[in-house]
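Undergrad: generate coordinates for the sequence data below:
(one chain, ligands or ions: 1)
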Amino acid sequence: MKRLIKNGQLLVDGQLKVQDLLIEDGKIAAIGTISSSEVAVNQIYNAQGLFVSPGLIDVHVHYREPGQTDKETIKTGSQAAAHGGFTTVAAMPNVVPTPDTPERMANMLAKNQQDGAVHILQYATITTDRGGDQLVDMPAMKTAGAFAFSNDGNGVQTSATMYEAMQQAADLGMAVVAHAEDDSLKYGGVMHEGAVSKRLGLPGIPSVSETAQVARDVVLAAATGAHYHVCHVSSAATVQVIRAAKQAGVNVTAEVSPHHLLLSDEAITTDNAMLKMNPPLGSEQDRQAVIAGLLDGTIDMIATDHAPHTDAEKAQSMLKAPFGITGSETAFAMLYTRFVKTGQFSLAQLINWMAVQPARVFKLTTIGALKVGAPADLAIFDLTTPTTIQKDQFLSKGNNSPFIGETVYGQTKLTLVDGETAYQA
Ligand SMILES: [Zn+2]
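TA: Residues are numbered from 1 along each chain as shown. The predicted structure follows:
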């Protein structure tokens, strides 16, 4: 099977350049000027005027299966990822039962493989039941195929647990990927503690709940040499801690979510659970700090924290609704529209943070770039035609996006995974 992507615009040395791309047996066989009369091609896709990107990589998604399939399944979640131009994702382990034994890990991997519209990497938990202080059998989880270790959804509360997890992770050459949150500093909050929470009369989560735990963990990472990756950085102070740790040579990396780049707590003008996520939207100063952190390399990548919930759950007050919003289907278009079209980021930077860097940081050596011999994982985006984000277009079961109704550029036209169509508009 030979497939030719004709006249697409590819990033070459940071600039868009018209190129053809030939796919053969699931791999990129050639890039350049390729005539369909010279190679016997089974299928030609006319990508004239469209941007041909390396498939995006998202190291932070929640697929709810097993356990909460009314919110999402591996199938719908990965279809949503393909719709957003992602070709590889890493699924967080907060499902029920959680992958905390080699047997459960094997079951998850088999299901991910069977139902995944894209490549799905699987996190193992750090501790049994994703809580408490009993470490999983980390070497056995590595052997079973775990991508990395994370208790995402909750922070690891006991320092010794994190210390011992990092010692083992360092020995195994695996990353500890942390949702950083000190439970003793949450105070039952439902949004960022600040002027807006006071005005709305809603309980606030002080941002020190994130920063204090990241500060502890960079000390533990320095002591153990482990690769410590911070999930969804949300506050200015956390950016500073990571910046200082990197300058000191600690093996720390970090991600930021699209919503923490796009929104601050000033967007919350009423009790609206569509804007409830954990960590919460920070102040405008926090938002500017995470943007600056991304630009100066303190933050390495963007990851969506795609977190689907049912309409009924999110229709509740912020006091009751679960934390989280979806992200797979809106991330690229929202970020392209708000940051690249406005000139704040270059397209090459955005692709760096959404494909190149996740691959580099997590040593996914065969993906993250369009090159001859690599798997044909790619996404084709229309950067010139405006569209409106509508919930009936979502392939995710979750409609919990604050970006519904936004007019954006960057609609996905085609997503290929190993040369096969994973999504087509
Ligand atoms: Zn989290």
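
Undergrad: sketch out the low-pLDDT regions of this structure for me.
TA: Within the chain, the set of residues satisfying pLDDT under 70 is empty.

Undergrad: need the residues of it near the ion, please.
TA: 152, 179, 231 (Cβ under 5 Å from the ion). In this view, the C-beta of every residue, glycine as well, is placed from N, C-alpha and C.

Undergrad: in stretch 102-113, what counts as buried?
TA: 102, 104-105, 108-109, 111-112 (16 or more other Cβ atoms under 10 Å).

Undergrad: who touches it?
TA: Outside stretch 102-113, the residues that touch it by Cβ atoms under 8 Å, 6 or more residues apart in numbering are 65-66, 74, 91, 93, 95, 97-99, 120, 122, 124, 137, 140-141, 143-146.

Undergrad: picking that back up, between the buried residues of stretch 102-113, which is nearest the ion?
TA: Within those, the smallest distance to the ion is 18.4 Å, found for Met108 (Cβ to the ion).

Undergrad: roughly how far apart are the nearest residue to Thr128 once chain neighbours are set aside and Asn151?
TA: Among residues not flanking Thr128 along the chain, Gln134 sits closest, at 4.3 Å (Cβ to Cβ, 6 or more residues apart in numbering). In this view, Gln134 and Asn151 are 12 Å apart by Cβ to Cβ, to the nearest Å.

Undergrad: neighbour count winner among those two?
TA: Comparing Gln134 with Asn151 by neighbour count (other Cβ atoms under 10 Å), the higher total belongs to Asn151, at 29 against 11.

Undergrad: and the gap between whatever residue of the stretch 51-200 of the chain ends up closest to the ion and Val18?
TA: Minimum separation of the stretch 51-200 of the chain from the ion (Cβ to the ion) falls at His179, amounting to 3.6 Å. Using Cβ to Cβ, we find His179 at a distance of 43 Å from Val18.

Undergrad: of the two, who's got more company?
TA: Shown here are His179 and Val18; by other Cβ under 10 Å, His179 has more neighbours (22 against 15).

Undergrad: list phi and psi for that one.
TA: phi -80, psi 110 (degrees, to the nearest 10).

Undergrad: and it, what does it touch?
TA: Contacts of His179 by Cβ under 8 Å, 6+ apart are 150-155, 231-232.

Undergrad: got the buried residues for the longest helix seen in the chain?
TA: In the chain, taking DSSP state H as the definition, the longest helix is helix 208-224. Buried positions in helix 208-224, judged by neighbour count with 16+ other Cβ under 10 Å: 209-218, 220-222, 224.

Undergrad: show me what it is packed against.
TA: helix 159-172, strand 175-178, strand 227-230, helix 236-247 (3 or more Cβ pairs under 8 Å, 6 or more residues apart in numbering; DSSP states H and E).

Undergrad: report the angle between the longest one and helix 208-224.
TA: Note on geometry: by axes from the mean of the first three to the mean of the last three Cα atoms, to 10 degrees, helix 159-172 and helix 208-224 are set 50 degrees apart in direction.

Undergrad: who's in contact with helix 159-172?
TA: Identification of contacts with helix 159-172 by Cβ under 8 Å, 6+ apart yields 126-127, 133, 135, 138-139, 142, 149, 156, 175-176, 178, 216-217, 220-221, 223-228.

Undergrad: circling back to that earlier point, out of the contacts of His179, who has the most neighbours?
TA: Asn151 (29 neighbours).

Undergrad: list the contacts of that one.
TA: Contacts for Asn151 (Cβ under 8 Å, 6+ apart) come out as 93, 125-127, 130-131, 178-179.

Undergrad: now, those that are in strands?
TA: Ala178 (DSSP state E).

Undergrad: give me the nearest residue to Pro375, chain neighbours excluded.
TA: Pro375 sits nearest to Asp418 (Cβ to Cβ, 6+ apart), 5.3 Å away.

Undergrad: state the distance from that neighbour to the ion.
TA: Using Cβ to the ion, to the nearest Å, we find Asp418 at a distance of 29 Å from the ion.

Undergrad: that residue contacts Ala374, correct?
TA: No: using Cβ atoms under 8 Å, Asp418 is not in contact with Ala374; the gap is 10.4 Å.

Undergrad: give me the common contacts of those two.
TA: Contacts common to Asp418 and Ala374, judged by Cβ under 8 Å, 6+ apart, are Lys27.

Undergrad: circling back: not counting its neighbours along the chain, what's nearest the residue of the stretch 51-200 of the chain closest to the ion?
TA: Asp152 (4.4 Å).
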